[in-house]
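# no sequence on hand, only this structure:
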């Protein structure tokens, strides 16, 4: 009889405990189901985030390339501007040379036209003084 009383008391304690625990177990199962749904959503959002981060990385790489190209073009533009400025200075400096070369060309044309006469006079002088002595 004592064993039966102990069993009945244990069943009564079990009933009281199960009345408290059963709703908590149901809430736990519900919470775990909600957690599983939220974890699926989280996984999907993390996948989307990874795609966006990959796209952002590609765009940043493209930006770096474009910035590098822009810098190179700016340097090239600066170099071309310097070369153009130097060329303009050189052309300006050589502007006076054109008139000088034109004058020299005129002088040389005049000397060229007189060359025949000068050669004739020089040969006459050489013939007059003679390279040989009279002896």
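Yep, it's here. Quantities reported herein were computed from a predicted structural model and do not represent experimental measurements.
# for residue 110, give me its contacts.
Contact partners of residue 110, counting by CB atoms under 8 Å, 6 or more residues apart in numbering, are absent. (Glycine included, C-beta is placed from N, CA and C.)
# oh, I was asking about residue 81
Under the contact definition (CB under 8 Å, 6+ apart), no residues are listed for residue 81.
# host element of it?
Using DSSP states H and E, residue 81 sits within helix 2-129.
# pLDDT on that helix, on average?
Model confidence over helix 2-129, given as mean pLDDT, is 93.
# for the remainder of this discussion, apply numbering that starts at 302.
I'll keep to 302 as the first residue from here, and by that count the last item is helix 303-430.
# just how off-centre is stretch 380-400 within its chain?
32 Å (CA atoms, centre = their mean, to the nearest Å).
# tell me, what residue is most central in the chain?
Geometric centre of the chain, nearest residue: residue 369, 1.5 Å, by CA atoms, centre = their mean.
# could you measure from that residue over to residue 397?
For residue 369, the distance to residue 397 under the criterion CB to CB, to the nearest Å works out to 44 Å.
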